[in-house]
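> Here you go, sequence then predicted model.
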Amino acid sequence: MTALLLGRDVIGLPVVTIDRGEDVAEVRELVFERDGALAGFTLNKRGFLGGRMRELLVAANVAAVGPAAVMIDSDGCLAADEGSTASVGGSGGGSGDARVFGDEVITESGSALGTITDVVVLCGGGLALVGYQLAKADKSTAFVPLPAQRSISGSHLVVPDELATQLRHDLTGLGEGVAPYKDGLET
């Protein structure tokens, strides 16, 4: 079963092992490769004195993501952080040039559509970044499917002109917009 979740809904979820039912970590932030593929998650230790963990949870080692937890087969699924990824989701850490929150979304002809406030992740048969949530000038929210982007920098996401009339206003609408690309996104 696949589902769309906002990045902020994944941050803070416990990471639970299937083999022993242990709560081994908490999702700190989403981590993406430079090409936009979801690499996995940075983690926090659980408990009152918890802090940042050195290990990462690589996307390929995630058994499932649900509204209550991120599930892994065992605590052996956690990997050493080798600094090869750049964060675009969550708070703190990561490379500044990979951040997208606050970037303005503009069309190829120069029309402003809004500002990125979150990322949308496809969970289920794989984990993938599939879109962005926008805050529009009129204070409403819209969603942009990732396959529609032309380019992204530290300040702007450029999308095709026709997207201005095809913005989605809920995650269901975004899911329909992403459906044609879904097979290529799942890992």
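That came through fine. A quick note: this is a predicted structure, and the numbers were derived from the prediction, not measured. Residues are numbered from 1 along each chain as shown.
> got the residue ranges for the helices in this structure?
7-10, 171-178, 182-185 (DSSP state H).
> Report the beta-bridge partners for the nearest residue to residue 114 once chain neighbours are set aside.
Take residue 114 and drop its neighbours on the chain: the residue closest to it by CB to CB, 6 or more residues apart in numbering is residue 134, 3.4 Å away. All C-beta spots, glycine's among them, are computed from the backbone N, C-alpha and C. Beta-bridge partners for residue 134, by DSSP bridges, are residue 116, residue 142.
> wait, residue 134 sits on residue 168?
No: counting by CB atoms under 8 Å, residue 134 does not reach residue 168; the two are 9.9 Å apart.
> so what's residue 43 bridging to?
Taking DSSP bridges as the rule, residue 43 bridges to residue 27.
> need the contact list for it.
15, 25-28, 52-53, 55-57, 78 (CB atoms under 8 Å, 6 or more residues apart in numbering).
> Can I get the buried part of these as one PyMOL selection?
Listed next is the PyMOL selection for buried residues among the contacts of residue 43, using 16 or more other CB atoms under 10 Å:
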select buried, resi 15+25+26+27+28+53+55+56+57+78
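> Point out the ones among the contacts of residue 43 that are inside strands.
The members of the contacts of residue 43 that map onto strands under DSSP state E are 15, 25-28, 52-53, 55-57, 78.
> Now the common contact residues for residue 134 and residue 168.
142-144.
> Now flag whichever of those is closest to residue 61.
Set against residue 61, the nearest of the shared contacts of residue 134 and residue 168 by CB to CB is residue 143 (28.0 Å).
> can you tell me how far that closest one sits from residue 134?
Distance of residue 143 to residue 134, computed by CB to CB, to the nearest Å: 7 Å.
> Just give the number of residues close to residue 9.
For residue 9, the neighbour count with other CB atoms under 10 Å is 16.
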